[in-house]
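Novice: Quick one: sequence plus predicted model below, questions after.
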There are 2 protein chains.
Amino acid sequence: MKIALDAMGGDFGPSYTVPGAIMALREYPHIERLFLVGDTPQIEADLKKHGCNSGKIDIVHATQVVDMSDKAWSAVRRKKDSSISRAVDVVKRGDADAVVSAGHTGAAVAASMIKLRTLPGIDRPGIAAILPTETNVFVLVDAGANIDARAEHLLQYAFMGSVYSRHVLHYKNPTVGLISLGEEDVKGNELTKEVFKMLKRSSLNFVGNIEGRHLFEDPVEVVVCDGFVGNVILKTCESIAVAIFKWLKNELKRTPIRKAGAFLAKDAFLEIKDKTNYEEYGGSPLLGVNGICIIAHGASTPLAIKNAIRVAAESIEQQVNPHIVEEIRRYHETTASLEPAAALG
Amino acid sequence: MKIALDAMGGDFGPSYTVPGAIMALREYPHIERLFLVGDTPQIEADLKKHGCNSGKIDIVHATQVVDMSDKAWSAVRRKKDSSISRAVDVVKRGDADAVVSAGHTGAAVAASMIKLRTLPGIDRPGIAAILPTETNVFVLVDAGANIDARAEHLLQYAFMGSVYSRHVLHYKNPTVGLISLGEEDVKGNELTKEVFKMLKRSSLNFVGNIEGRHLFEDPVEVVVCDGFVGNVILKTCESIAVAIFKWLKNELKRTPIRKAGAFLAKDAFLEIKDKTNYEEYGGSPLLGVNGICIIAHGASTPLAIKNAIRVAAESIEQQVNPHIVEEIRRYHETTASLEPAAALG
């Protein structure tokens, strides 16, 4: 399999993405080719620094970088030679199966939509964030690709999240929950009330409205919400996990007895810290585009980049896209036979 | 001061609200009268059980209770004799200064809006949740009163949150942040982009768009968002805090050494647990109604009820409502002199 990496993406550019790429090549021998897209001299310098001369690496030169302050769609249109655009081009012309970027999320989404287009039956792609529960993980779609979402988009997220959950996370018949304000059927805003009805009629394993407490305490396997809400959930989770560990650390340092206790129990803290650490999850697939695009965290370390490449490899191997197309096609057939206007739009 | 308590509200009704009320009367001697609204025999039984015959307590009989599965607005219209409606009535007829309820949030909001109306210049009330930072607390408005919010509502929340922050939490010139997708000015959905412009033009100490990480790691003092997003943030925070402590507890029990460490450090855990425990914060003021309404958590313990009554007393003492009216009036005057159509609607 072949993967393109936006080498300029992320807060630290090639100095982090290049060692991440090298780790991935070492760990996943089934990657035949890794395209590093960006400023050639910088990438070469970082490859040299890490003593890497792997024949599997191809550098694709790009002269521009999308900045965090750029508007997503205009950045893709104006900066034709940006690393993210060029990385998506590698997938578009069929040289790679997937693209990975830790850069401007909106630009990665826009470039994928413009150049790769969406899968048949999908109107808008959604970012599938993978989050930890006590014993496993769950998928939250959309974590921020589509900010002003319509009901049919959320229905499509539910289908795509279920496919990902089944084929990559190996849940048999994944439960699907809709983020709302209270679990009762009648609760929600205009958008969620409409989506609720659509999900109820669908063939998905829909358990109904869910609230925050269903995320971690009593989790469902696929969580559906619009991109604004999903992004807020994701960032709130990160923030509060970091805050709790910081508060705890300060409290543990306050007395010598507490310090001794913390020392004895430190493995326990490390295990929980790992669980809540995004680096372990690596990247979030942008589900619904005709090609595979993995969005990594802006603050990705080399370890996180390596894991994002792993997520790309899994999506290729498990044929996530053909499964999505098949599932949506089947839904269309069923609803078309039931009602004149298919709900998926 | 005089306060009405919806005695049937919360998951455990009078068996929790009555002892909470008794604690409040004991702790806050400046409460002259506490109306317990609900089923008289049940309330009397619980008062007797706790050996309370305080002359400050008045029972107001109500024969109905709003269930969690009821729709908010129709519940207020159909169940005329519900405890929440009757409790709001006590404020409406001027017998009490504030109402406290741990019952159906939507019904408490609807009853307050229908019976008390909003303050001059306010279109929609917003729930102000008080959340912990490392060293203090911040206010998040709206935590779920108004689900399909317009831009001017969010502007009004910013004003009301600032007033509460200044007068009750004693922040001098509270910083205001708008929940969005990224900190850059250009980021957000249609709603937040419009609100951003309004806040920028206002006299508030607006710091711009904020993301999850600004909630706890690098907090602002007033966080503004629509009610759907705010409710999701609140419930996600609760859920992840509970989950992290549960995971940690399980990890700490795994080996005898970890157990010993946990025993030595247990005070540190308790302090962080207290910080993240909603019981300590008690209740969230519903800002913007013409009267004081405090919304307590559905799972409120007697301690949480007592603290919700404390929050009601603070709002009365600090004259939150007159300050809101004054602030909004001043804003209207300024914008009216600048532009023909005042942005506050």
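Specialist: Okay, I see it. Residues are numbered from 1 along each chain as shown, chains lettered A, B, ... in the order given.
Novice: quick one: the closest residue to chain B within the stretch 1-150 of chain A and residue A:124, what's the gap?
Specialist: Here the stretch 1-150 of chain A gets closest to chain B at one residue, residue A:147, 4.4 Å apart by CB to the nearest CB. All C-beta atoms are positioned from the backbone trio N, CA, C, and that covers glycine. According to CB to CB, to the nearest Å, residue A:147 and residue A:124 sit 10 Å apart.
Novice: If you count surrounding residues, which of the two has more?
Specialist: For residue A:147 versus residue A:124, neighbours defined as other CB atoms under 10 Å in any protein chain shown are more numerous around residue A:147 (24 against 21).
Novice: quick one: the strands in the stretch 201-345 of chain A?
Specialist: Assignment of strands within the stretch 201-345 of chain A using DSSP state E, counting those that start in this stretch yields the ranges A:205-210, A:222-224, A:283-287, A:292-296.
Novice: Name the residues of the stretch 1-150 of chain A found near chain B, please.
Specialist: Within the stretch 1-150 of chain A, the positions near chain B by CB under 8 Å from any CB of the partner chain are A:68-69, A:71, A:106, A:133-134, A:144, A:147-148.
Novice: Which residues does the helix or strand harbouring residue A:4 contact?
Specialist: Element membership of residue A:4, judged by DSSP states H and E, is strand A:2-6. Around strand A:2-6, the neighbours that count as contacts under CB atoms under 8 Å, 6 or more residues apart in numbering or on different chains are A:17, A:20-21, A:31-38, A:60, A:83-84, A:87-88, A:90-91, A:95-103, A:108, A:305, A:309, A:312-313, A:316.
Novice: Sitting in strands, which of these do you find?
Specialist: Judged by DSSP state E, the contacts of strand A:2-6 include A:33-38, A:60, A:98-101 as members of strands.
Novice: Not counting its neighbours along the chain, what's nearest the residue of the stretch 1-150 of chain A closest to chain B?
Specialist: Distances taken as CB to CB, 6 or more residues apart in numbering or on different chains put residue B:189 closest to residue A:147, at 4.4 Å, once the chain neighbours are dropped.
Novice: what's around the spatially closest residue to residue A:108 that is not a sequence neighbour, how many residues?
Specialist: Here the nearest residue to residue A:108 in space, its sequence neighbours aside, is residue A:101; by CB to CB, 6+ apart that works out to 4.5 Å. The number of residues packed near residue A:101 is 34, by other CB under 10 Å.
Novice: Would you mind naming the residues that bridge with residue A:101?
Specialist: Counting by DSSP bridges, residue A:101 forms beta bridges with residue A:295.
Novice: could you check the distance from it over to residue B:182?
Specialist: Between residue A:101 and residue B:182 the distance, using CB to CB, works out to 16 Å.
Novice: For the strand or helix carrying residue A:24, buried residues please.
Specialist: Taking DSSP H and E as the criterion, residue A:24 maps to helix A:14-27. Within helix A:14-27, the residues that qualify as buried by neighbour count (16 or more other CB atoms under 10 Å in any protein chain shown) are A:14, A:16-25.
Novice: repeat for stretch A:182-194
Specialist: Within stretch A:182-194, the residues that qualify as buried by neighbour count (16+ other CB under 10 Å) are A:182-183, A:187-189, A:191-194.
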